[in-house]
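K.L.:
Need a 3D model of the following:
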Amino acid sequence: MVVQQELTDEDVNRMFRALADATRRDIVRRTLLAEVSVTQLAESYDMSFAAVQKHVAVLEEARLVTKEQRGRERMVRGEPERIRQAQRLLDRFEDIWRSRVDRLDALLAEDGTPPNQKG
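P.N.:
All right, here's what the predicted structure looks like:
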C-alpha cells in the first residue's frame with residue numbers, strides 16, 4: 001500500500017528551488033539511474049568536491065535524494081516517490097489549465113461555429 005503524503009507549501013518551495021539548478025537536476029537524474037558516491041559525482045562536474053556536497057545537501061533537504069554512509073563513501077540515491085509527488089502537483093495544475101480550455105471551447109461552441117473556424 002502506497003501512502004500519498006500531501007506536500008506543504010514549504011515542501012513545494014524547497015523541492016522546486018532545488019530543481020531550479022541544472023547541476024542539481026543532473027545529480028537527481030544520475031542518482032535515479034543508479035546509486036552514486038559523492039566522490040563519483042564530484043568527478044563528473046567542473047567544480048570542487050565541497051560545491052558538489054552542497055548541491056547534494058540541498059537535494060537531500062528537499063528529500064529528492066538520500067545519502068547513506070557506506071564505509072568510507074557517502075552513497076547518494078534518488079527518491080522516485082518525491083519525483084512522483086512533484087509530478088502529481090504538476091498534473092493538478094495541468095488539470096486546472098485543461099478545464100479552463102474546455103470551458104472556453106464550450107463557450108465558443110455555443111453559437112454552433114466550431115472553435116477552430118472563429119476569427
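K.L.:
which strands and helices sit next to the helix-or-strand element of the chain with minimal mean pLDDT?
P.N.:
Between all helices and strands in the chain, the lowest mean by mean pLDDT, DSSP states H and E belongs to helix 80-109, at a mean of 93. Under the contact definition 3 or more CB pairs under 8 Å, 6 or more residues apart in numbering; DSSP states H and E, helix 80-109 sits against helix 9-19, helix 22-33. (Glycine included, C-beta is placed from N, CA and C.)
K.L.:
Next, the angle helix 80-109 makes with the longest one.
P.N.:
Orientation note: helix 22-33 sits at an angle of 110 degrees relative to helix 80-109 (axes from the mean of the first three to the mean of the last three CA atoms, to 10 degrees).
K.L.:
And for the shortest one?
P.N.:
Computed by the same axes, to 10 degrees, the angle separating helix 9-19 from helix 80-109 equals 100 degrees.
K.L.:
And helix 9-19, what does it pack against?
P.N.:
If contacts are counted by 3+ CB pairs under 8 Å, 6+ apart, helix 9-19 sits against helix 22-33, helix 49-61, helix 80-109.
K.L.:
Quick one: list the elements packing against the first one.
P.N.:
Contacting helix 22-33 under the criterion 3+ CB pairs under 8 Å, 6+ apart are the following elements: helix 9-19, helix 49-61, strand 65-70, strand 73-78, helix 80-109.
K.L.:
among the ones you listed, which is nearest residue 33?
P.N.:
Relative to residue 33, the nearest member of these by CB to CB is strand 73-78, separated by 7.8 Å.
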